[in-house]
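> sequence-free structure coming up:
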């Protein structure tokens with residue numbers, strides 16, 4: 001079992017930046033690929049980014065490519081999502097998730113991930 005806790009959300013003006021963190025605890029000795037998702041009110045959960053266990057490969061949704069960067073520090077059991085050039089449409093609850101299939105590459109479905117954090121709210125004002 002892995003517990004995930006997101007932090008770093010908040011309110012920011014359009015064009016601003018935020019960095020989200022996701023701290024893992026529990027069975028952190030196991031290997032996981034990690035992903036970030038978001039869900040806006042009335043919308044389905046949306047895949048944003050994925051990083052392999054080693055951090056050597058990353059994958060992004062088109063909607064955030066070039067603006068968001070996923071990274072991880074396995075020594076700290078933490079995954080990050082650096083968000084730049086934020087837009088009002090980026091407003092959502094942001095979730096990190098862990099995937100036991102750590103060798104798999106392009107996995108973007110919510111059903112592909114085994115553990116989830118509680119989410120952190122990001123609000124971008126115009």
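Perfect, thanks for sending it. Everything numeric in this text was worked out from a predicted model, so none of it was measured.

> partners of residue 83 in the sheet?
Legend: beta-bridge partners of residue 83 under DSSP bridges are residue 18, residue 68.

> please report how far it lies from residue 57.
Separation of residue 83 from residue 57 (C-beta to C-beta, to the nearest Å) stands at 20 Å. C-beta: built from backbone N, CA, C; applies to glycine.

> have a look at those two and say which one is more surrounded.
For residue 83 versus residue 57, neighbours defined as other C-beta atoms under 10 Å are more numerous around residue 83 (24 against 12).

> is it true that residue 114 touches residue 100?
Yes - using C-beta atoms under 8 Å, residue 114 is in contact with residue 100, at 5.0 Å.

> list residues touching both of these two?
residue 32 (C-beta atoms under 8 Å, 6 or more residues apart in numbering).

> which SS class is the residue nearest to the spatial centre of the chain?
In the chain, the centroid-proximal residue (C-alpha atoms, centre = their mean) is residue 36; its distance is 2.1 Å. Taken by DSSP: H, G, I helix; E, B strand; the rest coil, the conformation at residue 36 corresponds to strand.
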